[in-house]
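Visitor: build the 3D model from these lines:
(one chain, ligands or ions: 2)
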Amino acid sequence: KKTNINEMVHGVVNTFRIKVESQKGSIVEKLEAKNPYAHVDEVHFTNVIFNLLDNALKYKRGTPVFQVKTWNRPTGIVITVEDNGLGISKENLKRIFEKFYRVPTGNVHNVKGFGLGLAYVKKIVEDHGAEIKVESELNVGTKFEIFLPLKSNKEWKKNIKFS
Ligand code: ATP
Ligand code: MG
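Guide: Ligands and ions are numbered 1, 2, ... in the order given. Okay, the predicted model is just below:
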């Protein structure tokens with residue numbers, strides 16, 4: 001069974017909307033992927049989007065304004081989560097997907113964490129044969145982009161294994 005990626009993303013955004021709006025912030029949704037169906041593990045993939053939004057809120061800078069988008073490339077579906085938060089320096093950006101890594105200055109809000117969220121995100125994304133990229137600028141914001149190729153999506157069940 002294929003999952004409607006737009007609906008899945010919308011579901012996660014909805015659970016965050018109240019939290020973000022209670023901090024006078026907003027989430028802009030542009031779910032523009034056409035024929036947005038893909039073979040994904042719904043539980044894990046929902047957690048992936050949840051983790052990205054959780055970070056966006058934890059590492060915010062002033063009023064949080066997030067953009068969540070889906071769209072098509074000829075070879076697959078793209079999901080992006082973009083924030084206007086603290087941003088991450090080039091040097092630290094190289095390490096954010098490592099287990100237990102936390103940016104040393106990331107606790108300006110005294111934010112707690114295990115440094116595991118993004119390691120999980122990367123693992124799940126890659127086990128689906130998908131790709132994750134990040135762009136960030138300190139004191140501007142961060143953008144995560146997940147690329148779900150149409151071809152290899154059927155293979156995720158074989159690939160997922162936790163070690
Ligand atoms: P956990 O998710 O396990 O509770 P965590 O949030 O610290 O803990 P990750 O989600 O793996 O761990 O993120 C690693 C580090 O990357 C964070 O500690 C933070 O410094 C930085 N980071 C992640 N997402 C963002 C973001 N959207 N904006 C700014 N910094 C971020
Ligand atoms: Mg996190």
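Visitor: show me where the protein has helices.
Guide: Using DSSP state H, the helices found in the chain span residues 5-21, 42-58, 90-93, 117-127, 156-159.
Visitor: so which of those is nearest ligand 1?
Guide: Closest to ligand 1 of these is helix 117-127 (CB to the nearest ligand atom; 2.5 Å). The C-beta positions use only the backbone N, C-alpha and C, and glycine is treated the same way.
Visitor: residues in contact with the closest residue to ligand 2 within the chain?
Guide: Among all residues of the chain, G117 sits closest to ligand 2, at 2.9 Å; criterion: CB to the ion. By CB atoms under 8 Å, 6 or more residues apart in numbering, the contact list for G117 reads 51, 54-55.
Visitor: could you list which of the residues you listed also contact ligand 2?
Guide: Checked against ligand 2 using CB under 5 Å from the ion, those give the following subset in range: N55.
Visitor: so which of the contacts of G117 is the closest to R61?
Guide: When those are compared for distance to R61 (CB to CB), N55 wins out at 12.7 Å.
Visitor: could you check how many residues crowd around the closest one?
Guide: The local packing count at N55 equals 22, with neighbours defined by other CB atoms under 10 Å.
Visitor: which residue packs closest to it, ignoring adjacent ones?
Guide: Counting by CB to CB, 6 or more residues apart in numbering, N55 lies nearest to G117, which is 6.2 Å off, once chain neighbours are set aside.
Visitor: measure the one you found to L53 for me?
Guide: Noted for G117: a distance of 11 Å to L53, by CB to CB, to the nearest Å.
Visitor: OK, contacts around the spatially most central residue of the chain?
Guide: Centrality entry for the chain: nearest residue to the mean C-alpha point is L52, 3.5 Å, by CA atoms, centre = their mean. Residues near L52 by CB under 8 Å, 6+ apart: 81, 121, 144.
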